[in-house]
Every structure is written in C-alpha cells, then in structure tokens.
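Asks: dropping a prediction and its sequence here:
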Amino acid sequence: MAAPSRVPTSPTAPKHYASPPRRSDSWRAERPGETIGAPHPTGGALGNQGPDQGYAIKLAKAFAGDLILAPGEHAADALDGAVAVGLRRASMFGRAPVRDDIELGLLAYGFLGEAPAALIKLRKALFSEVHHTTIHYFSAREIADRVDGEWLRQPIASARVALQADWKAALVDDES
C-alpha cells in the first residue's frame, strides 16, 4: 500500500519493507483445521455450513404475516426453526439460502396451513423459545435434523404434494 501524500518521503531513505523470499515448493494443506480432500466434519454442534447464511433471517421475515400459529406459539420461534431447516437445505446444494428453503422449513412443521393436533403438539415441544439461539442452539439443530433429508432435496411443489398425502412425510420417524 502506498504512503499517503501527506507523509514526507526521502528518495535516499533506506527501504522499510522488503518482501519475504519466495518459497521454492508449492503450498500444502498441512494445518490441523484443513479439510482439503477430506469430508467436512460433522457432529452435534457443527451445523450445516454454507455461504451467505445470514440472508436466511431476512428471507424468513417475509413469512411473518403468513404464519398460522396455535395458542402459545410465537412467530419468532417458528421463523428461527424454519431458518435452521432452510440453512440445512441450502447447504445440501452448496449454495446460499433462497425463499423456497425457508418455505419448506415452515411447511415441514405446518406453519403455513392448518396443522393436525399431533403436529402442533410436536412443534410446541420443539420450537419453544428456540429464538433465543444462544441458549437453544441444540434445539434449532434438532428441528433441522428431524426433517427428512430426501424430502428436503425435492422441489417445493413435490414437497407440498407429499405433505398433502401425509403430514409426516417431511419428518424423520423417531421410533426408528
């Protein structure tokens, strides 16, 4: 970076910076955190990595007026749970989240239509206070992990058809 024009320089002053000598060999991924050529690490607290994940929060806010909530449910909890599901779906495709990812998260748990009593009971237990992400991170992970991966990979129109046939189509069976 060049010095600002207000800084006096002398053409006879010694150099203050010199580039390090060039390395003779090529760069190699040898640091402990490098995952080049290896599968990405997975685990309970690692979530689903992907680009531009913060955009999902903005996308979710667009659905706030469309939510159908049961008594005792809160829009912030529903939207944050849908963000977790949407981020999981976006990461499956290696891209940033889009509107359909968040919509599928809301559809999976019946927040965009009339939900059966069994689904409302399940989501009340899962989504309670999940918008407090600093203390309920693992609750959001559970919400995302309960949605079937194959169901998440399909186009939104196909996902809607599957849910009309059976509301449990989107969720992984706990008893397996």
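Replies: Yep, it's here.
Asks: geometric centre of the protein: which residue is closest?
Replies: Leu87 (2.5 Å; CA atoms, centre = their mean).
Asks: can I assume that one is in contact with Pro51?
Replies: No: assessed by CB atoms under 8 Å, Leu87 is found out of contact with Pro51, at 10.7 Å. Where you see a C-beta, it was placed from the backbone N, CA and C, and this is true even at glycine.
Asks: burial count for the residue nearest to Ile102 when sequence neighbours are not counted?
Replies: The shortest distance from Ile102 to any non-neighbouring residue, by CB to CB, 6 or more residues apart in numbering, is to Gly86 (4.2 Å). Close neighbours of Gly86, defined as other CB atoms under 10 Å, add up to 30.
Asks: same question for the one 3 residues further on.
Replies: Around Arg89 sit 26 other residues, with neighbours defined as other CB under 10 Å.
Asks: now do the SS call for it.
Replies: Three-state assignment for Arg89 (DSSP: H, G, I helix; E, B strand; the rest coil): helix.
Asks: find me the pLDDT at it, would you?
Replies: On pLDDT, Arg89 comes in at 95.
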